[in-house]
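A.B. asks: I'll drop the sequence and a predicted model, then ask my questions.
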Amino acid sequence: MEKLTHVEEETMQAVWRTGEGNIKAFMEHLDEPAPYTTIASVVKNLEKKGYLTSRLVGNAYLYKPAIEEDEYKQKFMGNVVKEYFDNSYKEMVNFFVEQKKLSAKELKEIISMIEKGNS
């Protein structure tokens with residue numbers, strides 16, 4: 001599975017929110033607007049990379065995800081932890097705490113989720 005560019009990831013987010021659809025439907029789910037031709041090009045690249053499948057309906061193509069969002073997250077979040085945090089989730093959490101991106105309340109919620117998951 002090939003890592004996606006920022007624009008490709010944003011487009012895939014729109015695809016996952018839409019499910020099966022055409023380029024105009026995906027554009028409605030983009031956080032930042034982009035020209036139709038740009039999104040059409042990105043969608044074709046995503047199809048070539050194996051992230052999307054397509055089918056012709058009438059004279060328009062409908063696209064749908066070939067992989068689930070969770071599958072992508074699992075693959076590439078693992079790489080982030082490995083490459084940037086020495087394969088330590090503890091170091092990753094510590095980074096967010098030090099950057100003041102994670103509050104004590106949120107940390108307690110995470111601990112609670114972990115404890116519930118281990119029961």
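C.D. replies: It's in. Bear in mind the structure is a predicted one, so any value in this text is a computation, not a measurement.
A.B. asks: Got the domain ranges for this protein?
C.D. replies: Domain ranges of the chain: 6-65, 69-117, per automatic domain parsing.
A.B. asks: Looking at the protein, which helix is longest?
C.D. replies: The single longest helix within the chain, with elements called by DSSP state H, is helix 69-84.
A.B. asks: quick one: whatever helix or strand comes next after that one to helix 69-84, angle?
C.D. replies: Next along the chain after helix 69-84, taking DSSP states H and E as the criterion, comes helix 89-98. Helix 89-98 runs at 90 degrees relative to helix 69-84, counting by axes from the mean of the first three to the mean of the last three CA atoms, to 10 degrees.
A.B. asks: Please report the number of neighbouring residues for T18.
C.D. replies: By the criterion of other CB atoms under 10 Å, T18 has 17 neighbours. C-beta: built from backbone N, CA, C; applies to glycine.
A.B. asks: now do K3
C.D. replies: K3 has 11 neighbours, counted by other CB under 10 Å.
A.B. asks: per-residue confidence for the residue lying closest to it once chain neighbours are set aside?
C.D. replies: Nearest residue to K3 in three dimensions, chain neighbours excluded: F76, at 6.4 Å (CB to CB, 6 or more residues apart in numbering). Turning to F76, the model gives it a pLDDT of 84.
A.B. asks: Can you verify my assumption that F76 contacts E2?
C.D. replies: No. Using CB atoms under 8 Å, F76 makes no contact with E2, being 10.3 Å away.
A.B. asks: more crowded one of the two?
C.D. replies: For F76 versus E2, neighbours defined as other CB under 10 Å are more numerous around F76 (14 against 9).
A.B. asks: measure I39 to V97 for me?
C.D. replies: Distance of I39 to V97, given as CB to CB, to the nearest Å: 37 Å.
A.B. asks: any low-confidence regions in this structure?
C.D. replies: Applying pLDDT under 70 to the chain flags residues 118-119.
A.B. asks: show me where it has helices.
C.D. replies: Going by DSSP H, the chain shows helices at 6-18, 23-28, 36-48, 69-84, 89-98, 104-117.
A.B. asks: tell me which residues in the third one are buried?
C.D. replies: Of the residues in helix 36-48, those with enough neighbours to count as buried (16 or more other CB atoms under 10 Å) are 39-40, 42-43, 45-46.
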